[in-house]
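Engineer: sequence first, then the predicted structure:
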Amino acid sequence: MKALREDYTGCAILIYDEHGSPLGSTLVTSHDKSTMRIKVQEIPSGFKKGSERAMLILTSPAPCEYQGRLLHEGKEKVIAIYKGRVRENRGAKRFKVNSPAIIENLICDGKAYKLHTPLEVELINISKSGARFRAPNYALSDGSRFQLRIKISKSEKLLIADAIYHVDRDDGTSEYGSRFLIGSESAV
């Protein structure tokens, strides 16, 4: 079992049931890298002692996907986490999320250019490799590189992504599929 590679304190965690439906979100208050145990602020209802749930920890530059088992250690809210999941054909499990997010900057040749008016988008789902979101038609072109600011459970992360494809809808919006750039913190 590998230890956590970074400090997850303050990161949001999205927790899902066995059917992929969201149970809720919470914050990591502390963790022990050697035992892979994290303490969290709140335990979403439906996450009972001993049960195992899929979770996505919102880290930068890309979220990390884990399984977790709820433990009781005294009065502490502790989750034992480990990598491992049922693989989907697409390579990364999609986690449903209905949350606003903002695109603040477009990136060209490794330099960030601040948008005059930040683009508000609505997250539809997120995985460790990318996000799907709804935005106004023609907001981005396929291949656009951008910074996506996500705020969930009082935790805020800035992720760098490329727009891979989009589907225009009749209501004046488009659904965009994007891919997070691993190691992209140094790209800006």
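Structural biologist: Done, it's in. No experiment lies behind these values; they were computed from the predicted model shown.
Engineer: find the residue closest to residue 147 in space, skipping its chain neighbours.
Structural biologist: residue 105 (4.4 Å; C-beta to C-beta, 6 or more residues apart in numbering). (C-beta placed from N, C-alpha, C; glycine too.)
Engineer: for stretch 48-58, which positions count as buried?
Structural biologist: 53, 54, 55, 56, 57, 58 (16 or more other C-beta atoms under 10 Å).
Engineer: hmm, back to that, separation between the residue nearest to residue 147 and residue 133?
Structural biologist: Distance, residue 105 to residue 133, by C-beta to C-beta, to the nearest Å: 16 Å.
Engineer: same check on residue 57?
Structural biologist: When distance is defined by C-beta to C-beta, residue 57 is 19 Å away from residue 133.
Engineer: grab the longest strand from this structure for me.
Structural biologist: Taking DSSP state E as the criterion, the chain has its longest strand at strand 111-126.
Engineer: the domain parsing of the chain - what is it?
Structural biologist: 12-82, 95-187 (automatic domain parsing).
Engineer: include mean pLDDT when you put those domains into TSV, please.
Structural biologist: Formatted as TSV, the domains of the chain follow (pLDDT from 0 to 100):
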stretch	mean pLDDT
domain 12-82	86
domain 95-187	87
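Engineer: re earlier: residue 105 and residue 133 - which one has more neighbours?
Structural biologist: A count of neighbours by other C-beta atoms under 10 Å puts residue 133 above the other of residue 105 and residue 133, at 29 against 21.
Engineer: between strand 111-126 and the helix or strand harbouring that one, find me the angle.
Structural biologist: Element membership for residue 133 (DSSP states H and E) is strand 130-136. Taking axes from the mean of the first three to the mean of the last three C-alpha atoms, to 10 degrees, one finds strand 130-136 and strand 111-126 inclined to each other by 100 degrees.
Engineer: counting contacts, what elements does strand 130-136 pack onto?
Structural biologist: The contact analysis (3 or more C-beta pairs under 8 Å, 6 or more residues apart in numbering; DSSP states H and E) places strand 130-136 against strand 95-108, strand 111-126, strand 145-152, strand 155-168, strand 173-180.
Engineer: the same query, at a cut-off of 6 Å, please.
Structural biologist: Packing contacts for strand 130-136, counted by 3 or more C-beta pairs under 6 Å, 6 or more residues apart in numbering; DSSP states H and E, involve strand 111-126, strand 173-180.
Engineer: what strands flank the longest one, and is each parallel or antiparallel?
Structural biologist: Spelled out, it's strand 111-126. strand 95-108 (antiparallel), strand 130-136 (antiparallel) (DSSP bridges).
Engineer: same question, the last one
Structural biologist: According to DSSP bridges, the neighbouring strands of strand 173-180, each with its direction, are strand 130-136 (antiparallel), strand 155-168 (antiparallel).
Engineer: what about residue 47, neighbour count?
Structural biologist: Each residue near residue 47 was counted by other C-beta under 10 Å, and the total is 23.
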